[in-house]
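K.L.:
Pasting the sequence and the predicted model now:
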Amino acid sequence: MHADHPEAEAALFTAVATNTTGIAGESAVAGGLRVAVAPPTATDRGGATNPEELLALAWATCLNASARVVAGPGIEVEARAEISLHRRTDGEGFEFAARAELHFPGQNPASAAALAAAAHERCPVSRMLAGRSSVSVSAVA
């Protein structure tokens, strides 16, 4: 375990979400939000969401918050995140592709690029998507 990994210190906040139905049913946050989920390719999702939308929301929110910190007060920021679902080239399931834009109205291109890079480096969701966070999955029988 490295000192820069979250496990090295006590967590500031931990969200716990569960799903027992897969892509069609419901996902829930412990003690809070419950959302209907449906496959993103379904013709009628009935108002349900999916992992792609939830991940895009998380990333856009995190990037915007990070950009506001690095840009400082008075700088406007708009974040737009895209999560696309693709078939894996090896034919074994699916994978995501992620792309985001940070808009800094009124900033020159060089300044906007520097702010976007700093926000991307600061954002925990960006860091996780880039493979720079501790991620694990364990089996419980």
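P.N.:
Sure thing, it's come through.
K.L.:
what residue ranges in the chain score low on pLDDT?
P.N.:
1-8 (pLDDT under 70).
K.L.:
hey, where'd the strands end up in it?
P.N.:
Counting by DSSP state E, the chain has strands at residues 17-19, 25-29, 34-37, 78-87, 94-103.
K.L.:
Out of those strands, which is closest to Cys62?
P.N.:
Nearest of the strands of the chain to Cys62, taken as Cβ to Cβ: strand 78-87 at 8.3 Å. For every residue, glycine as well, the C-beta is placed using N, CA and C.
K.L.:
what about stretch 89-103, distance to the chain center?
P.N.:
The chain centroid and the centroid of stretch 89-103 are separated by 12 Å under Cα atoms, centre = their mean, to the nearest Å.
K.L.:
If we go by neighbour counts, what in that stretch is buried?
P.N.:
98, 100, 102 (16 or more other Cβ atoms under 10 Å).
K.L.:
Next: stretch 9-22.
P.N.:
Buried-residue list, stretch 9-22, by 16+ other Cβ under 10 Å: empty.
K.L.:
Test my guess that Glu104 contacts Gly74.
P.N.:
To be clear, residue 104 is Phe; Glu isn't right here. No. With contacts counted by Cβ atoms under 8 Å, Phe104 stays clear of Gly74, the gap being 11.5 Å.
K.L.:
between the buried residues of stretch 89-103, which is nearest Asp90?
P.N.:
Closest to Asp90, out of all of these and judged by Cβ to Cβ, is Ala98, at 19.5 Å.
K.L.:
May I have the beta-bridge partners of that closest one?
P.N.:
Note on Ala98: beta-bridge partners by DSSP bridges are Ile83.
K.L.:
can I see the domain layout of this structure?
P.N.:
Domain assignment for the chain by automatic domain parsing gives 1-49, 50-141.
K.L.:
starting at the chain centroid, how far to the shortest one?
P.N.:
If you compare the mean C-alpha spot of domain 1-49 with that of the full chain, they lie 11 Å apart, counting by Cα atoms, centre = their mean.
K.L.:
thinking again about what came up before, neighbour count: Phe104 and Gly74, which is higher?
P.N.:
Phe104 (20 against 6; other Cβ atoms under 10 Å).
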